[in-house]
Structure formats: C-alpha cells, structure tokens
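J.: coordinates only, sequence not included:
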C-alpha cells in the first residue's frame, strides 16, 4: 500500500509541476477551493496524517486542516510532505495502530487507504482546474474502485453513502460512466464534464 501512496503522490506532483503562476487563483471542482487551496489541502493533509501517526488527535487534525503549509515554494512543500508521509507509514507497527481520525477510529492501514484515494481524486481535480490531461493512473483507479467499500468502512461520513452529511466529501453524482475512471469519479462526487460547465468550453 505504501507503493500505491508513492504512486498517487507522484501523479499529483506531476500535475502540480504544470501549474503556471497565473493559475494559482483558478477555480477547481472543489467549489470552495482555488488551485492554491487545493494544493495546500493535499500538503497539509500529508502533514496531518503524519501527526496522527505520531499520536495526534482528531481535534488537532481539524484545527490545522486549513493552515498554510506551502510557503513560497509549493512544489517543494508538497514533495517534502509526501516524503514525510511515506516515512511515517513505513515505521514498524504503524499499519496496526489505531488512530484518532476525525471521522472515527481507524487503523493505520485504513488511514493510508483513505489517503491514497484522496490523493488520486484530487489529482483529477487539479488536472481539471489546469485544463490538463486528467487521465488517472489505471492501477490506482482499479484498486480504489475494487476496495471503495472497505476504504471507508465504519466511518461516520463517506463519499459513497447518499445519506451521509457530506461535510468532508462531495455527494455522489451517480454510478454510471463509459470508463472505470468515469464511474469512480461519479461515485466520488465528481462530474467528468465539470470544466465544460465551469468555463463553457
């Protein structure tokens, strides 16, 4: 699973390195965030998972969720945060440790699965925002699609439950789609036609 997180992080980094200076304020499919907010969410998220693995609490996680983690070099900040996350999840016994995650108690293994999924879906968000190639890595799409129920099992909110509050996750937009990626995006509350609706392109 650490290999999958490394892959998901590398895919996000690839999209991140395509950002031009003028694009940091551009909107994203996450309606409350522009590009910089989205990149900060990913970077801060990595750091918050590290803190959870080191004994941090759900309250700590939520309190620092929006704190700037990018500084003057967002690319370097993200890469360092991903490296820290890899090291933290790679420590002995971490996968079996029970963490005080904001949506419920989870094992380190389940937390990592959530992080992989979040990283993958937000890679699509970033690519959409930049009008770049939004093709997700097929290995990640297949793994997430096949494990989606287990990834969010027993959490108080999930992106795939229509009855959820959807405070942290977008509500699903359906389950149909021509490709496996489209079906996954719909289940995760995304519209593959977001850019058309947003920019009229």
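T.: Looks like it arrived, so ask away. In this text, all values refer to a predicted model and were calculated from it rather than measured experimentally. Residues are numbered from 1 along each chain as shown.

J.: Determine the longest helix present in this structure.
T.: Identified as the longest helix of the chain according to DSSP state H is helix 108-130.

J.: so how far is residue 117 from the residue nearest to residue 184 when sequence neighbours are not counted?
T.: The spatially closest residue to residue 184, leaving aside those adjacent along the chain, is residue 145, at 5.0 Å (CB to CB, 6 or more residues apart in numbering). (C-beta placed from N, C-alpha, C; glycine too.) Going from residue 145 to residue 117 by CB to CB, to the nearest Å gives 10 Å.

J.: who's more crowded, the two?
T.: When residue 145 and residue 117 are compared for neighbours, residue 117 comes out ahead with 22 against 13, by other CB atoms under 10 Å.

J.: what's near enough to touch that one?
T.: Taking CB atoms under 8 Å, 6 or more residues apart in numbering, we find residue 117 in contact with 144, 148, 151, 188.

J.: and with 6 Å instead?
T.: For residue 117, the contacting residues are 144, 151, by CB atoms under 6 Å, 6 or more residues apart in numbering.

J.: How about the one 5 residues further on?
T.: Remark: with contacts taken as CB under 6 Å, 6+ apart, residue 122 is in contact with residue 42.

J.: how near is it to residue 15?
T.: 9 Å.

J.: what's the answer for residue 31, then?
T.: Note on residue 31: its distance to residue 15, by CB to CB, is 19 Å.

J.: who's more crowded, these two?
T.: Counted by other CB under 10 Å, residue 31 and residue 15 do not tie: residue 15 has more neighbours, with 21 against 9.

J.: The nearest residue to that one once chain neighbours are set aside: how many residues sit nearby?
T.: Of all residues beyond its chain neighbours, the one nearest residue 15 is residue 126 (4.6 Å), with distances taken as CB to CB, 6+ apart. Residue 126 has 26 neighbours, counted by other CB under 10 Å.

J.: quick one, helices of this protein?
T.: Secondary structure of the chain (DSSP H): helices located at 2-16, 35-53, 58-63, 74-89, 108-130, 138-151, 180-187, 194-199.

J.: Dump those helices into CSV; add mean pLDDT and distance to residue 171 as well.
T.: Formatted as CSV, these follow (pLDDT from 0 to 100; distance: least, CB to CB, whole Å):
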stretch, mean pLDDT, distance to residue 171
helix 2-16, 97, 23
helix 35-53, 97, 18
helix 58-63, 94, 21
helix 74-89, 98, 27
helix 108-130, 97, 14
helix 138-151, 96, 15
helix 180-187, 92, 10
helix 194-199, 47, 14
